[in-house]
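Asks: model this:
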Amino acid sequence: MKRTFITFGALLLSMLFAAAQEPVKGDILLNEAQGSYTPSFENDRAERTPKNIILLIGDGMGLAHISAAMYANGNELTITNLQTCGFVRTQAAGDDFTTDSGASGTAYATGVKTHNAAIGVDVNDKPVKNIPEIIDGMGYVSGVITTDGIDGCTPSVFFAHQPDRHMSEEIWADLPGAKLSFISGGSWGAFEDQSYETRDAIEKRYKVVNSLDDVAAGTRRIAYLPEKSEVSSIAKGRGDFLPATTEYAINFLNSHPDNEKGFFLMVEGARIDKSCHDNDFETAMLELLDFDKAVEAAIRFAEQDGNTLVIISADHETGALSLRGKDKKTGAIKGLFVSRGHTPIMVPLFAYGPMSLKFTGVQENSDVNHKIVELFSSQAKDRRKARRN
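Replies: Okay, here's the model as predicted:
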């Protein structure tokens, strides 16, 4: 009887585990491909230090996600039109092997591996300087854009220092001290929910608007916080917020009066990840295609400018996505999720512009930060040397 009970218990547990891991299928068929942009590559891989660096992070975006979106979009994406690529290892520090966005985002922002849920702090919860803080005194200006809330992991690691990602009020309270000239994400309602002291401090630091039409000429610092519906998912009507705001921020930072040497901009497509947690294949692909439009805005500027490096990667892969092929009758691309969480799978990195070859091969997410900071520091040294001569 005892053996029978143990056997039945083991069988029951295995069935529960199997049910929890049941693969989730999905497909996508676009009515019309959105097209893509291919640069001339005239300035790609140039051996000169870039003036500006734009880092675009597709939250949860793995190689299968990019492949599926590419196939669904007529075998083309601006991302996959690029010629320089590598891979990024995303593991968090210590026992937190599979990273969350806090740990991986902190690695990208500060160059330090840390524990999950961390926002701009090391494994001992001590604040670590992020890219905008490091380059602020060098004559650069910085910006952050996200389709998540301002207090989301990826945007907040570029201005906040808190031990836990769930400390939303404290993260918002860090915003007035941020070394950012432009920040945008969700949302106006979330801003109004903050304490009077936090709202007052933010408004003293930034021109806080829920429409870019409200920004007057000569404004030096903008916090663009649209209504929640404008930063919701593409499926719920977000529209062109991400690519349009990316283009606006690039132009704003490039012409900023405090821009002596260049700018840094981080752009996050946050809802790729959120869709993959839901195993919603179609919405994830629509989010990735929208992210690709933001990539296009960055690449077009880099092509025209000639001194801008664009880096595209992810903080981690979400969903353990694989592809099941293409429906022979409808042409739909067929996906398969085997997880609702993050995975430790390496994520791809694409780069375009001067010194793009610096980002090839396999690297840690923290290494991406080190290379970016090194390029900014080198540019600053070159400018100082030129002035002395």
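
Asks: partner residues bridging the residue nearest to the spatial centre of the chain?
Replies: With distances taken as C-alpha atoms, centre = their mean, the residue of the chain nearest its centroid is I57 (2.4 Å). Residues in a beta bridge with I57, per DSSP bridges, are E268, S313.

Asks: would you map the strands across the stretch 51-200 of the chain?
Replies: 52-58, 84-89, 140-149, 182-186 (DSSP state E, counting those that start in this stretch).

Asks: quick check: L336 touching R324?
Replies: Yes - the pair L336 and R324 qualifies as a contact (C-beta atoms under 8 Å) at a distance of 5.2 Å. In short, each C-beta sits where N, CA and C put it, glycine included.

Asks: out of the two, which sits in the busier spot?
Replies: Taking other C-beta atoms under 10 Å, L336 and R324 do not tie; L336 has more neighbours (19 against 14).

Asks: in which helix or strand does the more buried one reside?
Replies: If you go by DSSP states H and E, L336 is part of strand 333-337.

Asks: which strands border that strand, and is each parallel or antiparallel?
Replies: Sheet pairing for strand 333-337, using DSSP bridges, gives strand 24-28 (antiparallel), strand 322-326 (antiparallel).

Asks: quick check: next helix or strand after it?
Replies: strand 342-343.

Asks: average pLDDT for that following strand, rounded please.
Replies: In this model, strand 342-343 has a mean pLDDT of 98.

Asks: kindly report the same for stretch 129-142.
Replies: Stretch 129-142 comes out at a mean pLDDT of 98.

Asks: neighbouring contacts of that stretch?
Replies: For stretch 129-142, the surrounding residues in contact (C-beta atoms under 8 Å, 6 or more residues apart in numbering) are 109-110, 120, 144, 157-159, 178-182, 253, 256, 258-266, 369, 372-373, 376-377, 380, 383.

Asks: if you set the cut-off to 7 Å instead, what comes out?
Replies: 109-110, 120, 157-159, 178-181, 253, 256, 258-264, 369, 372-373, 376, 380 (C-beta atoms under 7 Å, 6 or more residues apart in numbering).

Asks: between the two ends of it, how far is it?
Replies: Terminal residues of stretch 129-142 are spaced 14 Å apart (C-alpha to C-alpha, to the nearest Å).

Asks: from now on call the first residue 6
Replies: That works, and once the first residue is 6, the last one we named lands at stretch 134-147.

Asks: starting at the chain centroid, how far to it?
Replies: How far stretch 134-147 lies from its chain's middle: 18 Å, per C-alpha atoms, centre = their mean, to the nearest Å.

Asks: same check, this time on stretch 217-226
Replies: 25 Å.

Asks: I'd like the mean pLDDT over that stretch, please.
Replies: On average, stretch 217-226 scores 95.

Asks: try stretch 102-110
Replies: The model assigns stretch 102-110 a mean pLDDT of 98.

Asks: swap in stretch 286-297?
Replies: In this model, stretch 286-297 has a mean pLDDT of 98.

Asks: do you know the pLDDT at S186?
Replies: 99.

Asks: for it, what are its contacts?
Replies: V146, S147, G148, R225, R226, L258, H261, D263.

Asks: who wins for proximity to P28 among the strands of the stretch 56-205 of the chain?
Replies: Comparing the strands of the stretch 56-205 of the chain against P28 with C-beta to C-beta, the closest turns out to be strand 57-63 (22.7 Å).

Asks: tell me where the model's unsure across the stretch 156-305 of the chain.
Replies: By pLDDT under 70, the stretch 156-305 of the chain has no low-scoring segment.

Asks: helices of that one, residue ranges please.
Replies: Under the criterion DSSP state H, counting those that start in this stretch, helices of the stretch 156-305 of the chain are mapped to 158-161, 173-179, 193-197, 201-210, 246-259, 276-282, 286-310.

Asks: so which of these comes closest to A221?
Replies: Between the helices of the stretch 156-305 of the chain, helix 246-259 lies closest to A221; by C-beta to C-beta that is 12.5 Å.

Asks: quick check: T115 vs G267, distance?
Replies: 20 Å (C-beta to C-beta, to the nearest Å).

Asks: before we move on, what about A114?
Replies: Computed with C-beta to C-beta, the distance linking A114 and G267 is 18 Å.

Asks: of those two, who's got more company?
Replies: A114 (31 against 26).

Asks: which residues touch that one?
Replies: G125, N135, I136, V162, F163, N374.

Asks: mind doing that once more with 8 Å?
Replies: If a contact means C-beta under 8 Å, 6+ apart, then A114 has G125, N135, I136, V162, F163, M271, N374 as its contacts.

Asks: any chance of those residues in JSON lines, plus neighbour count?
Replies: Formatted as JSON lines, these follow (neighbours: other C-beta atoms under 10 Å):
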{"residue": "G125", "neighbour count": "27"}
{"residue": "N135", "neighbour count": "31"}
{"residue": "I136", "neighbour count": "24"}
{"residue": "V162", "neighbour count": "33"}
{"residue": "F163", "neighbour count": "29"}
{"residue": "M271", "neighbour count": "28"}
{"residue": "N374", "neighbour count": "21"}
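
Asks: got a markdown table for these, with distance to S192 too?
Replies: Below are the contacts of A114 laid out as a markdown table (distance: C-beta to C-beta, whole Å):
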| residue | distance to S192 |
| --- | --- |
| G125 | 22 |
| N135 | 23 |
| I136 | 24 |
| V162 | 19 |
| F163 | 18 |
| M271 | 18 |
| N374 | 28 |
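
Asks: quickly check those residues for the two that are furthest apart.
Replies: So, these by C-beta to C-beta: farthest apart are G125 and M271, at 13.0 Å.

Asks: pull the strand holding L341 out as PDB, backbone CA atoms only.
Replies: Provided in PDB are the C-alpha atoms of strand 338-342 (Å, rounded to 0.1, in the frame of the first residue of the first chain):
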ATOM      1  CA  ILE A 338       4.300  32.100 -38.700                       C
ATOM      2  CA  LYS A 339       3.800  29.600 -35.800                       C
ATOM      3  CA  GLY A 340       5.400  30.000 -32.400                       C
ATOM      4  CA  LEU A 341       5.600  27.800 -29.300                       C
ATOM      5  CA  PHE A 342       6.300  29.000 -25.700                       C
END
